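Enquirer: Kindly return the folded structure for what I paste below:
(one chain, ligands or ions: 1)
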Amino acid sequence: MADTAAEPLIAHGGPRNGYAYNNDGEVEGDQRGEFSDGEERGEGEEVDERLLGTPGMFIWVLTCCAGLSGLLFGYDTGVISSTLISINTDLSSRPLTTLDKSLITSSTSFFALLASPLTGILADAWGRKFVILVADALFVVGALLQAFTTSVPGMIAGRSIVGAAVGSASFVVPLYIGEVSPGPFRGRLVVVSSLFITGGQVVAYIVGWLFSMQLHGWRWMVGLGAAPAALQCILMWWMPETPRYLIKTGRKEQARRILSRVYQGTDDGGNLEQVLVNGVLRRVEREILEEEDVVRGGSRDLDKTGFAAKLDQIQDNFSQLVNVGGNRRALIIACLLQGAQQLCGFNSLMYFSATIFSLVGFRSPALTSLSIALTNFLFTLVAFHYIDRIGRRRILLLSIPIMIIGLALCAVAFIFLRLPASAGAAGGIGAKEITVEEGMLWPVVILLAMVVYVAGYAVGLGNVPWQQSELFPLSVRSLGSALATATNWGSNTVVGLTFLPMMEFFTPTGTFALYAVVCACALGAIWRIYPETAGLALEESQGLLKSGWGVDESVRRANARRRERG
Ligand SMILES: O[C@H]1[C@H](O)[C@@H](O)[C@H](O)[C@@H](O)[C@H]1O
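Expert: A predicted model of the protein is given here:
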């Protein structure tokens, strides 16, 4: 196979990639590359692999407008812990029971779990932008309902609606960004949505802390979420649909116009912009033709129209997702990564770190847990900087061992920390203002160990799973991403429900040791089956999975690209 990545790069005013292109984006002469599975690339298809510089203004605006949903995701999931401790007797004129608290908390992740596969289907039928707008409407309704409700059931309903919004937004935003981004910047641009999520969690902690000092301040905490959602709704109205979705639905000219804006500014005085636009159009069209071949070979009746045709298509997408080898492998990897992101236990810190820190003796647990959210945000910035250079696979293989070290240290520190008798397990977990007699050495070790763990998480597992859409071909991209997102929310619910009982019955040491074991298993599985997709065009990543896991091939190509960049 011709390893084009090793070809010399001619930066300006001439052929790139070692190829010469004509104005249609076709490779002149007899020089064509190959996909990683050995299949030949079509003419003019291999281009944005060598795009230089930074993404243009248009891409940044699209990414930030879509990323606002991440802010809402982070804010709404982060604000609930301060809300719960400030409600007092404001709902149903009585203090919240443990059951009330569990229902209010878990309704969000449960409805996120239900909403993601459903909106996965909607995103195929009505588009990615449509789902973002639906999520915004749900965010606004859910926030207002929570802010004005006077009863516990009203609060649960509000949290459920917000959950449906979070579930939809969490899968569609990375999908939207992934489908508008040029290959070399895609990793970084998708991490922007993680930056919004983790930033939203920091804001939630600060807002929670500020409003907890005011009477009925919790109503502001939950109601404020409506503002960014309304803003995004207005902004997104003006934003385009993704070029990939437009091509899929037969609107090629519209797609061409948007792609031209995406690649604007890359023109080097030659014809690069045009070449890149044509490259994407050709790759996507080729993918669609391949899909039609599969459909023709199958049982779908292509003469059906309207609702019946849509139902057939949904059924068809499901069967393609699980029956076609490459798609099935993509689904396994995406679900593995999303499951690992949650089962490694990170959100137990997000939801309960204030409780843990008060248990081990910190006087201001709320501020200490802010350090967790801040670490998460700051190290997501590190990921933003390095993800396209280091690569998704490598960044995970480097960062998960750091998480394991943090968790192991935490587990060990809890052995040495003699908790006060009243703090025995769950009693202590729920208790407040507990101080530890032995001094602050081990509590500080626990705090540092958690910071190390969170830093490792934020650099890798916290954001790489959201790159999921690049694993799937267009025909099953939305459905595959949605099912992987459902795995995320399912695992999130499991961790939320099991953390406190595990701390009680399994001890804190056992709990953190178990999370370390989960990380070790995830590390092994990632090493074995997750290929490197950094730098590849969206249509190329899936080629790696067509006839196997593609790990060796992808690593070889990534190394070649790195060598070439110096
Ligand atoms: O990517 C995000 C991010 O890491 C958040 O901090 C976490 O709370 C979410 O569960 C996760 O999906």
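Enquirer: Any idea how many residues pack against the residue in the stretch 351-500 of the chain that the ligand sits nearest to?
Expert: Per CB to the nearest ligand atom, residue 462 is where the stretch 351-500 of the chain lies closest to the ligand, at 3.4 Å. Glycine gets a C-beta too; all of them are placed from N, C-alpha and C. Number of residues near residue 462 (other CB atoms under 10 Å) recorded here: 25.
Enquirer: Next: residue 234.
Expert: 10.
Enquirer: Below-threshold pLDDT in the chain: ranges please.
Expert: For the chain, the stretches with pLDDT under 70 are 1-53, 265-270, 291-306, 419-438, 566.
Enquirer: For the most centrally placed residue in it, list the residues it contacts.
Expert: The residue lying closest to the centre of the chain (CA atoms, centre = their mean) is residue 466, at 2.7 Å. Residues in contact with residue 466, defined by CB atoms under 8 Å, 6 or more residues apart in numbering, are 174, 190, 191, 193, 194.
Enquirer: before we move on, what SS does the second one have?
Expert: When classified by DSSP: H, G, I helix; E, B strand; the rest coil, residue 190 comes out as helix.
Enquirer: From the ligand, how far out is it?
Expert: 11 Å (CB to the nearest ligand atom, to the nearest Å).
Enquirer: Who are the contact partners of that residue?
Expert: Taking CB under 8 Å, 6+ apart, we find residue 190 in contact with 174, 177, 178, 181, 463, 466, 467.
Enquirer: Now with 6 Å, please.
Expert: 174, 177, 178, 466, 467 (CB atoms under 6 Å, 6 or more residues apart in numbering).
Enquirer: so what's residue 515 closest to, chain neighbours aside?
Expert: residue 345 (3.8 Å; CB to CB, 6 or more residues apart in numbering).
Enquirer: what do you get for residue 403?
Expert: Residue 403's closest residue in space is residue 456 (CB to CB, 6+ apart), at 3.9 Å.
Enquirer: Count the residues that sit near that neighbour.
Expert: Other residues close to residue 456 by other CB under 10 Å number 25.
Enquirer: now residue 260: how far from residue 245?
Expert: 17 Å (CB to CB, to the nearest Å).
Enquirer: next one: residue 475
Expert: 12 Å.
Enquirer: Repeat that for residue 167.
Expert: 20 Å.
Enquirer: returning to that earlier point: more crowded one of residue 260 and residue 245?
Expert: Comparing residue 260 with residue 245 by other CB under 10 Å, the one with more neighbours is residue 245, at 26 against 15.
Enquirer: Which strand or helix spans that one?
Expert: Secondary structure assigned from DSSP states H and E places residue 245 in helix 243-248.
Enquirer: residues from this structure in reach of the ligand?
Expert: Residues of the chain lying near the ligand by CB under 6 Å from any ligand atom: 77, 194, 197, 198, 201, 341, 347, 350, 376, 462, 463, 492.
Enquirer: 5 Å instead?
Expert: With the criterion set to CB under 5 Å from any ligand atom, the chain comes near the ligand through 197, 198, 350, 462.
Enquirer: Give the phi and psi angles for the last one, as a check.
Expert: When read as degrees, to the nearest 10, the backbone of residue 462 gives phi -70, psi -30.
Enquirer: For it, give me its contacts.
Expert: Not one residue lies near residue 462 by CB under 6 Å, 6+ apart.
Enquirer: For it, give its distance to residue 173.
Expert: For residue 462, the distance to residue 173 equals 15 Å [CB to CB].
Enquirer: now do the third one
Expert: From residue 350 across to residue 173, the span is 19 Å (CB to CB).
Enquirer: Between those two, point out the one with more neighbours.
Expert: Taking neighbours as other CB under 10 Å, residue 350 and residue 173 compare with residue 173 leading, 29 against 25.
Enquirer: surely the more buried one meets residue 66?
Expert: Yes - between residue 173 and residue 66 a contact is recorded at 5.1 Å, counting by CB atoms under 6 Å.
Enquirer: Which one (most neighbours) among the contacts of residue 190?
Expert: residue 174 (30 neighbours).
Enquirer: Now do the SS call for that residue.
Expert: helix.
Enquirer: what's near enough to touch it?
Expert: 190, 193, 466, 469.
Enquirer: go again using 7 Å as the cut-off
Expert: Residues near residue 174 by CB atoms under 7 Å, 6 or more residues apart in numbering: 190, 193, 466, 468, 469.
Enquirer: Just put those in TSV and tack on distance to residue 117 and secondary structure.
Expert: Shown next, in TSV, are those (distance: CB to CB, whole Å; DSSP: H, G, I helix; E, B strand; the rest coil):
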residue	distance to residue 117	secondary structure
190	21	helix
193	20	helix
466	17	helix
468	14	helix
469	15	helix
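Enquirer: got those residues as a markdown table, with distance to residue 484 columns?
Expert: Below are the contacts of residue 174 laid out as a markdown table (distance: CB to CB, whole Å):
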| residue | distance to residue 484 |
| --- | --- |
| 190 | 14 |
| 193 | 15 |
| 466 | 9 |
| 468 | 5 |
| 469 | 9 |
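Enquirer: How many residues are close by residue 199?
Expert: 20.
Enquirer: If you drop the residues flanking it in sequence, what lies closest to it?
Expert: residue 377 is the one closest to residue 199 (CB to CB, 6+ apart), at 5.6 Å.
Enquirer: hang on, isn't that neighbour packed against residue 204?
Expert: No - using CB atoms under 7 Å, residue 377 makes no contact with residue 204, being 11.4 Å away.
Enquirer: neighbour-wise, which of those two wins?
Expert: Ranked by neighbour count (other CB under 10 Å), residue 377 and residue 204 place residue 204 first, with 26 against 22.
Enquirer: what ranges do the helices span in the stretch 201-350 of the chain?
Expert: Here the stretch 201-350 of the chain has its helices, by DSSP state H, counting those that start in this stretch, at 217-223, 226-238, 243-248, 252-262, 272-297, 306-323, 325-343, 346-359.
Enquirer: Convert stretch 401-416 to PDB, retaining C-alpha atoms only.
Expert: Backbone C-alpha positions of stretch 401-416 (Å, rounded to 0.1, in the frame of the first residue of the first chain) are rendered in PDB as follows:
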ATOM      1  CA  PRO A 401      -2.300   4.700  34.200                       C
ATOM      2  CA  ILE A 402      -2.300   8.100  35.900                       C
ATOM      3  CA  MET A 403      -5.900   7.600  36.900                       C
ATOM      4  CA  ILE A 404      -5.000   4.100  38.300                       C
ATOM      5  CA  ILE A 405      -2.200   5.600  40.300                       C
ATOM      6  CA  GLY A 406      -4.500   8.300  41.800                       C
ATOM      7  CA  LEU A 407      -7.200   5.700  42.600                       C
ATOM      8  CA  ALA A 408      -4.700   3.300  44.200                       C
ATOM      9  CA  LEU A 409      -3.300   6.000  46.300                       C
ATOM     10  CA  CYS A 410      -6.700   7.000  47.400                       C
ATOM     11  CA  ALA A 411      -7.600   3.400  48.300                       C
ATOM     12  CA  VAL A 412      -4.400   3.100  50.400                       C
ATOM     13  CA  ALA A 413      -4.900   6.500  52.100                       C
ATOM     14  CA  PHE A 414      -8.400   5.400  53.300                       C
ATOM     15  CA  ILE A 415      -6.800   2.400  55.000                       C
ATOM     16  CA  PHE A 416      -4.700   4.800  57.200                       C
END
